[in-house]
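A.B. asks: Okay, structure incoming, though there's no sequence with it:
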C-alpha cells in the first residue's frame, strides 16, 4: 500500500488466516488453553478465599469424586449436558443456530410429566415409560419444527426465533404447574412418588442401586449413534454440505429445505429425549429450571468440540467438573454458588480465544519494514 | 376508578419498560455495526451490580452521603462495568475473530454470575456480616421526582413522577435514532453493518466503528441494569431479580425492526404486557402465566411477518452475526 515516497507507519503485526494446522498442534493449543483457564480461575479463587491453591484443587476434586454418589451425580450431569450438546450438534453443523435447546428440553420434560400426571399408575410402568418417551420426543420435535419450517421457507432468523421459543416454553411450564397445583405454591410435587410408576428403574451396579445408570447408558449410546450418523451416513454428509455452502448444496441437487427441517427435527427429538431423561430418570417432576441453563452451555460444548460427539464427552465432562468443583468450593468456603457460572464463563473465554491461534497466524512486521516470511 | 387503574397501569408500563428501552437501544446500536451481542443480558446485570458496588463503598465510607455524588459514582461505576464486558466481547469477536453467538452466550453466563456473586457476597467482603444490600441514599437520589409533579394532578402522577433515568432512556433513544439516520457517522455505521468489505474499501475504519458502537451500546444497556437496581428496587439487590428482562430487550430490537425511535413505544408496550396480568381483575394464577407469554409470542409473530414481507428497510443488518476478516473472500 505505502508508496516509497510517502512515510506511513507500518503496523507492528498483521494477521493472516491459516489452513490445516496439524492435528497434534491443534490439540496442544487447546490443552494449553484449558490449563491456562484452570490456572487463571484457581488464581481467582485463591485471591478471593485467601487459601492455598492445593487446598482449592483438593476441594474441587473431592466435591466431584469424593464418594460413589458424587461420582454418579457427576456422570449424570455430564450425561445431560452431553445429550443436549448432541442435540444441537447436527443443526449447528448445518449453521442453524438452535439457541432453543433449553425450550425444547422443557417441552419434552413437560410432555413427559403430563403423561405421568394424567395416566398415573393406570398402566403398567413399562408401557407408561414408552408413552412418556414418545410424547417427549414429539414435544421436542414440535418445538424445533416451527423455527425450522419458517427458516427453510422464508429465511426467518432462527437465532432469535429459537431464543423466543425458550421463554414460551418456560411460561407454558409455569402455566401448567399453576393449573395442576391448586394451592398456588408454584411447585409440582414428585409425581407417582408412592407407586414409582413411570420412573426409570435403578440398576444394581457393584452392590448398590444406581438410579442414574440408565440415563448415562442411553446418552452413551446416543453419542455413538450421533458420531456414526454425522460421519458415515449420507444424511450426515448432506448436513456438512449445507453447512459449508447452501449454493453448493443446491447445485449438487440436495433438497436444502428438506435437509434443514429433517436435521432440526432430529435436534428437537434428542432435546425431547433429554427432557424425558430429566423427568423420568432424575427429578420425576418438572419445573422451569430442569434444563438449568444447559441449553446454552451445550452450544458452547458442541462448538468447542468442533461438532465431534466423541470429543464432546471430554468437553462436557470438563465443564461439569469445573461447575461441580466451583460449587463445592462455594459451599465449603461459604461463598455464593454463582461462582460456578463465573468459572465456567472464564474457561469458555479461554477456549473461544484459542480458536484464533488455531485458525490465524500473527505475522510480525520486521524492523526493516519488509514483511517477514510467514 | 377505571381511569385511575388505567393511569396506574400506564405508569407501571413505563417503569417496566425503561430498563428494556435502555437494553434495546444499546443492542440496536450494537447490531447496526453487525455485532449480534447476545451478551446484553449479562451486561445489564454487570451494569447494575457495578453501580451497586461503587455506591456500597461510598455509602459505607461516609456518614452523610451526598445524593449528587451517589448518582455520579453509580453512573461512573456502571459505565466501567459495562465497558469491561463490552471490551471482552469486542476483543474476542473483532480481534480474535471468535463466533459472536458463542461469545455472547458465554458473556451472559459470565455477567449473570458476576452480578449474583457480588450481590450475594458484597456485605461479607466488607464487614464479615451476612446482610442484604440497602443503599437508601442512592436509591432516593435516583428516585427523586420533579418537585411540581404531584401538583399537576393525574397527568403529573402518570407521566412526570419518575426518576431522571426514565427520561434519559427516551432522550438516549431519540439521540441514537438521530445519529444512526441523520449523520455521516450513522451512515458509516450502517454501512459497516450491511457490508463491512464495502465500508472497508471506502476507507471506513471497520474495527473502530464496531468497537465504538458495541462499547457505547453496552454502556447504554448497562444503564438499564442500573435503573433496575437503583430506581426500581431503590438501591437493593436480589439474586436473579432482573430475570429474563435482558432477553426481552433483545426481543424488542426485533419488534422495533432495528429502529431506536420505535423501540421507545415498543418497550413500554412490552413493559405493559409484562405487568398487565396484575391489572386485569379476576385472573387465576395460571391465566396470569399465560398472559406473560404474550411478549415472546408477539416477537415471534413480528419475526415471521417481517421475514414474509421482505421489505428492505425492515430487515436486520445484512452482516449481522457474521465476522469480518479482510482476507476472506
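C.D. replies: Received the coordinates, thanks. Because the structure is predicted, anything quoted here is derived from the model rather than measured.
A.B. asks: Please count neighbours and contacts with C-alpha atoms only from this point.
C.D. replies: Fine.
A.B. asks: What average pLDDT does the helix or strand harbouring residue B:252 get?
C.D. replies: Assigned by DSSP states H and E, residue B:252 belongs to helix B:245-255. For helix B:245-255, the mean pLDDT works out to 87.
A.B. asks: same question, stretch A:355-370
C.D. replies: Averaged across stretch A:355-370, pLDDT comes to 74.
A.B. asks: And for stretch A:248-260?
C.D. replies: Per-residue pLDDT values over stretch A:248-260 give a mean of 89.
A.B. asks: ok, it near chain B or not?
C.D. replies: No: Stretch A:248-260 is not in contact with chain B by C-alpha under 8 Å from any C-alpha of the partner chain; minimum separation 15.9 Å.
A.B. asks: how about that stretch: buried residues?
C.D. replies: Buried residues in stretch A:248-260, counted by 16 or more other C-alpha atoms under 10 Å in any protein chain shown: A:249, A:254, A:256, A:259, A:260.
A.B. asks: same question, stretch A:202-220
C.D. replies: Buried residues in stretch A:202-220 (16+ other C-alpha under 10 Å): A:210, A:211, A:212, A:213, A:214, A:215, A:216, A:219, A:220.
A.B. asks: Kindly reformat those residues as JSON lines containing secondary structure, distance to chain B and pLDDT.
C.D. replies: Formatted as JSON lines, the buried residues of stretch A:202-220 follow (DSSP: H, G, I helix; E, B strand; the rest coil; distance: C-alpha to the nearest C-alpha, whole Å; pLDDT from 0 to 100):
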{"residue": "A:210", "secondary structure": "strand", "distance to chain B": "32", "pLDDT": "80"}
{"residue": "A:211", "secondary structure": "coil", "distance to chain B": "30", "pLDDT": "81"}
{"residue": "A:212", "secondary structure": "coil", "distance to chain B": "27", "pLDDT": "87"}
{"residue": "A:213", "secondary structure": "helix", "distance to chain B": "30", "pLDDT": "87"}
{"residue": "A:214", "secondary structure": "helix", "distance to chain B": "30", "pLDDT": "87"}
{"residue": "A:215", "secondary structure": "helix", "distance to chain B": "26", "pLDDT": "88"}
{"residue": "A:216", "secondary structure": "helix", "distance to chain B": "26", "pLDDT": "89"}
{"residue": "A:219", "secondary structure": "helix", "distance to chain B": "24", "pLDDT": "92"}
{"residue": "A:220", "secondary structure": "helix", "distance to chain B": "25", "pLDDT": "93"}
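A.B. asks: Wait, residue A:199 touches residue A:280, no?
C.D. replies: Yes: if you go by C-alpha atoms under 8 Å, residue A:199 and residue A:280 touch, sitting 5.0 Å apart.
A.B. asks: So if I had to pick from these two, which one is more boxed in?
C.D. replies: Neighbour totals were compared for residue A:199 and residue A:280, and residue A:280 leads with 27 against 23 (other C-alpha atoms under 10 Å in any protein chain shown).
A.B. asks: Return the member of the buried residues of stretch A:248-260 nearest to chain B.
C.D. replies: residue A:260 (17.2 Å; C-alpha to the nearest C-alpha).
A.B. asks: Need the residues that contact stretch A:58-70.
C.D. replies: Contacts to stretch A:58-70, defined as C-alpha atoms under 8 Å, 6 or more residues apart in numbering or on different chains, come from residues A:71, A:74, A:321, A:322, A:324, A:325, A:326, A:328, A:329, A:332.
A.B. asks: mind redoing it with 7 Å?
C.D. replies: Residues outside stretch A:58-70 that contact it (C-alpha atoms under 7 Å, 6 or more residues apart in numbering or on different chains): A:71, A:74, A:321, A:324, A:325, A:326, A:328, A:329.
A.B. asks: about what we covered before: just send the buried residues of stretch A:202-220 back as TSV, with distance to residue A:186 too.
C.D. replies: Below are these laid out as TSV (distance: C-alpha to C-alpha, whole Å):
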residue	distance to residue A:186
A:210	30
A:211	27
A:212	27
A:213	30
A:214	30
A:215	27
A:216	30
A:219	31
A:220	34
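A.B. asks: And the residues you listed, which is closest to residue B:319?
C.D. replies: The closest of these to residue B:319 turns out to be residue A:219 (C-alpha to C-alpha; 37.2 Å).
A.B. asks: mind listing what the closest one touches?
C.D. replies: By C-alpha under 7 Å, 6+ apart, residue A:219 lies in contact with A:79, A:83.
A.B. asks: Can you check the pLDDT for residue 29?
C.D. replies: Because you didn't say which chain, this covers chain A. pLDDT, residue A:29: 87.
A.B. asks: wait, chain B
C.D. replies: On the pLDDT scale, residue B:29 gets 95.
A.B. asks: where do the strands sit along the stretch 1-150 of chain A?
C.D. replies: Along the stretch 1-150 of chain A, the stretches classed as strands by DSSP state E, counting those that start in this stretch are A:13-17.
A.B. asks: Go ahead and measure how far the helix or strand encompassing residue B:53 is from the middle of the chain.
C.D. replies: Per DSSP H and E, residue B:53 falls inside helix B:40-61. A distance of 15 Å separates the centroid of the chain from that of helix B:40-61, by C-alpha atoms, centre = their mean, to the nearest Å.
A.B. asks: tell me which parts of chain B are close to chain A?
C.D. replies: B:92, B:96-98, B:102, B:105-107, B:109-110, B:113-114, B:116-117, B:120-121, B:285-286, B:289-290, B:292-293, B:296, B:300, B:303-304, B:307-308 (C-alpha under 7 Å from any C-alpha of the partner chain).
A.B. asks: redo that, cut-off 8 Å
C.D. replies: Chain B comes close to chain A at residues B:92, B:96-99, B:102-103, B:105-107, B:109-114, B:116-117, B:120-121, B:251, B:285-290, B:292-293, B:296-297, B:299-300, B:303-304, B:307-308, B:327, as judged by C-alpha under 8 Å from any C-alpha.
A.B. asks: Was I right to think residue B:52 contacts residue B:75?
C.D. replies: No: Residue B:52 sits out of contact with residue B:75 when judged by C-alpha under 8 Å, with a separation of 9.9 Å.
A.B. asks: Could I get the full set of helices for the stretch 151-300 of chain A?
C.D. replies: Ranges of helices in the stretch 151-300 of chain A, per DSSP state H, counting those that start in this stretch, are A:158-180, A:213-232, A:234-244, A:246-251, A:256-278, A:294-304.
A.B. asks: When residue B:52 and residue B:75 are compared, which one has more neighbours?
C.D. replies: Neighbours per residue (other C-alpha under 10 Å) separate residue B:52 from residue B:75, with residue B:52 holding more: 31 against 24.
A.B. asks: residues contacting residue 215?
C.D. replies: This is for chain A. Shown in contact with residue A:215 (C-alpha under 8 Å, 6+ apart): A:76, A:79, A:277, A:281.
A.B. asks: that's the other chain; I wanted chain B
C.D. replies: Contacts for residue B:215 were tallied using C-alpha under 8 Å, 6+ apart; they are B:30, B:82, B:83, B:86, B:87.
A.B. asks: relative to helix B:40-61, how tilted is the helix holding residue B:252?
C.D. replies: Computed by axes from the mean of the first three to the mean of the last three C-alpha atoms, to 10 degrees, the angle separating helix B:245-255 from helix B:40-61 equals 130 degrees.
A.B. asks: picking that back up, kindly write the PyMOL command that selects the buried subset of the contacts of stretch A:58-70.
C.D. replies: Buried residues within the contacts of stretch A:58-70, by 16+ other C-alpha under 10 Å, are selected in PyMOL with:
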select buried, chain A and resi 74+321+324+325+326+328+329
